[in-house]
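>>> With the sequence up front, the predicted model follows.
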Amino acid sequence: MKITFLLFFLILLSSCSQKNNNIQKESIANFYYKKAKEPKQDLTFYYFNLAKNSYLEIQDSLGVGKSLVNMAIIQHNQGDYYGSIETSLEANKFLKNVKDSIIRWTLAASYNNMGICSSYLYDFDNSIKFYNQALKYANVPENKYTYYNNLGDVLVSLKKYKEAQSNFEKALQTKVKSNYAKALNNLARAKYNDNPNYDPLPELYEALKIRQQQNDLYGENSSYATISNYFLTKDKNKALYYAKRMLEVATKNDSKEDQLQALQKIITLDKENYLKYFARFQTLNDDVQITRSKAKNQFAVVRYDVEQKNAENQRLKLRDTENEIDILYRNIGIGSLITILISGFFYYKKRKKRLEQEKEIEVKNTQLKMSKKVHDVVANGLYHMMIDVQNNPEMDKTKILNDIEKMYEESRDISHENIAEKDFAPRFINMITSYSSEEQRVLPVSYKESIWENIPYNTQLELYYIIREILVNMKKHSKAKLASVKFEKNDKNLIIRYTDNGVGIANLEQQKGTGIHNTENRIESIGGDITFEKNPTGGLIIEITIPIQSKYV
């Protein structure tokens with residue numbers, strides 16, 4: 001009986017040790033991945049490679065795939081196109097469960113990267129195949145529009161202008177202005193190549209104007225190149241002007257590839273300064289080739305160095321493990337058995353007590369969570385209804401009953417998952433305006449129903465409760481005569497800025513109450529940021545920033 005318990009205890013001890021070891025390895029892998037995503041990071045490729053190897057150790061195929069795709073994108077950006085395709089193909093082996101939305105998104109990004117690299121290598125047939133695969137797995141509309149544009153660009157290279165136009169027209173559905181300008185520029189180019197009598201200039205100039213307004217220097221270069229090509233056979237002076245504009249902007253943003261393209265055009269068009277521009281072209285071209293060669297060697301050296309270190313670590317771990325086993329066998333005896341049995345008894349008692357404590361903490365956390373939800377849904381809901389009735393004394397009885405029924409449904413479903421509402425956008429703005437009265441004016445600024453596009457519903461609902469919490473506090477404590485809630489949205493963030501002219505919060509950092517802490521916790525739960533500051537003219541300013549998309553996959 002004692003031997004059986006001893007064997008069971010040893011197995012349990014080994015299992016717990018392995019579990020803790022895996023948790024530690026997962027933490028290390030996540031650290032490397034986050035480190036690689038830091039901005040202005042010269043060792044990005046190196047850290048992604050470390051993350052990939054760490055994820056391999058714990059058999060996290062998604063982590064391996066994401067790390068490899070990002071490594072492939074870095075290789076593509078440095079001109080190592082063959083190496084980038086090879087890395088993407090390696091990544092795809094780990095991205096098998098295509099029902100997972102994150103895997104589909106990552107797989108689409110990988111195929112898009114392979115399509116871009118293949119087009120740079122003039123392997124257009126494979127490029128089309130890869131872009132079609134990217135479209136097959138894409139599950140984000142904006143990404144699809146990008147892939148349609150990329151596919152259309154390859155079809156233009158193959159002189160399949162009708163098919164190219166069809167893809168560019170799909171890409172024009174994008175809501176991102178810079179992507180819209182890109183698709184518009186490419187569509188005009190395809191139409192002109194298909195029909196030399198077509199006048200593409202209005203669309204080309206419109207695309208250029210959008211890019212200038214967006215300060216999209218790489219986009220400007222694309223427009224200058226397209227317009228210069230258009231004038232090559234029509235007006236040499238204009239063709240030269242736009243080629244020089246392209247060279248000027250490409251030099252400004254240090255885009256060597258665009259500088260080379262611009263110089264090729266200028267050499268052909270500016271005969272008087274041929275030697276000067278040709279010499280510059282030769283020097284720059286040599287520099288680009290050397291840089292690409294260094295990049296290829298650099299990536300190979302980094303991967304080799306990391307693999308060598310991993311192999312050495314594995315050898316050291318194996319040797320340590322063998323030593324530990326030898327020591328363990330030498331020390332096993334009657335005394336060890338007695339010690340293990342006694343230790344096992346106390347371990348069992350201690351573990352039982354700890355599990356009971358964890359259970360109590362879990363119950364308390366659940367109670368706090370439910371209490372917080374009741375506060376947000378019921379307490380603030382009731383206060384909101386009181387304000388609505390107070391500000392609208394002639395409110396229809398039916399509306400009051402509908403509001404009560406809505407609050408009843410929300411309170412009944414507190415423990416269930418939220419289901420998206422079709423009327424959320426008008427409900428949100430109605431909630432804000434209901435706090436406005438003759439004594440206190442609350443003004444929504446720049447609010448549009450389309451502002452909620454690409455914002456998940458759970459984020460929408462959290463923002464609804466957060467803004468309502470802010471307005472309830474305004475009504476109770478601020479003594480403000482005027483408040484505004486301004487909405488801004490760009491390609492990266494949704495920004496909501498609340499301003500009032502009330503008494504503000506004295507000693508802001510020391511006086512933050514439960515309401516403010518709850519608000520900060522809610523913002524953190526949806527990946528956003530919130531700041532509180534004094535209004536220079538008196539009152540309070542609160543700014544909420546919610547990210548829409550991430551730089552890395």
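Arrived safely, thanks for sending.
>>> Would you map out the domains in this protein?
According to automatic domain parsing, the chain comprises the domains 25-139, 367-547.
>>> Going by mean pLDDT, which of the ones you listed comes out lowest?
Lowest mean pLDDT of the domains of the chain: domain 367-547, a mean of 79.
>>> coming back round to it: closest one to residue 340 among the domains of the chain?
Smallest distance to residue 340 across those (Cβ to Cβ): 27.2 Å, for domain 25-139. The C-beta positions use only the backbone N, C-alpha and C, and glycine is treated the same way.
>>> so how far is the closest one off the chain centroid?
Distance of domain 25-139 from its chain centroid, counting by Cα atoms, centre = their mean, to the nearest Å, is 15 Å.
>>> First-to-last residue distance for it?
The first residue of domain 25-139 is 31 Å away from its last residue (Cα to Cα, to the nearest Å).
>>> Please apply the same query to stretch 425-439.
Stretch 425-439: ends 26 Å apart by Cα to Cα.
>>> deepest of the domains of the chain, which one?
Comparing the domains of the chain on average neighbours per residue, with mean count of other Cβ atoms under 10 Å, the densest one is domain 25-139 at a mean of 19.
>>> Now do the helices in the stretch 51-200 of the chain.
Residue ranges of the helices in the stretch 51-200 of the chain, as given by DSSP state H, counting those that start in this stretch, are 61-77, 81-92, 101-120, 124-137, 141-157, 161-171, 177-194.
>>> packing partners for the helix or strand that contains residue 463?
Using DSSP states H and E, residue 463 maps to helix 457-473. With contacts defined as 3 or more Cβ pairs under 8 Å, 6 or more residues apart in numbering; DSSP states H and E, helix 457-473 has these neighbours: helix 380-391, helix 424-433, strand 493-500, helix 514-525, strand 540-547.
>>> partners of residue 493 in the sheet?
Taking DSSP bridges as the rule, residue 493 bridges to residue 547.
>>> what sits against it?
If you count contacts by Cβ atoms under 8 Å, 6 or more residues apart in numbering, residue 493 has them with 545-548.
>>> now those residues in CSV, with distance to residue 174?
Output for the contacts of residue 493, formatted as CSV (distance: Cβ to Cβ, whole Å):
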residue, distance to residue 174
545, 23
546, 21
547, 19
548, 14
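>>> Residue 183 touches residue 175, doesn't it?
No - with contacts counted by Cβ atoms under 8 Å, residue 183 stays clear of residue 175, the gap being 11.9 Å.
>>> Comparing those two, which residue is more hemmed in?
Applying other Cβ atoms under 10 Å to residue 183 and residue 175 shows that residue 183 carries more neighbours, namely 24 against 14.
>>> residues touching the more buried one, list them.
Residue 183 is in contact with 145, 148-149, 152, 168, 171-172, 174, counting by Cβ under 8 Å, 6+ apart.
>>> picking up where we left off before, compare the helices and strands packed on helix 457-473 and give me the one nearest residue 55.
Here strand 540-547 is closest among those (Cβ to Cβ), at 24.0 Å.
>>> Partner strands of the next helix or strand after the helix holding residue 463 and their direction?
Counting by DSSP H and E, the next helix or strand C-terminal to helix 457-473 is strand 482-489. With DSSP bridges as the test, strand 482-489 is paired with strand 441-445 (parallel), strand 493-500 (antiparallel).
>>> mind checking which of those is nearest residue 129?
In terms of Cβ to Cβ, the element of these nearest to residue 129 is strand 493-500, at 35.6 Å.
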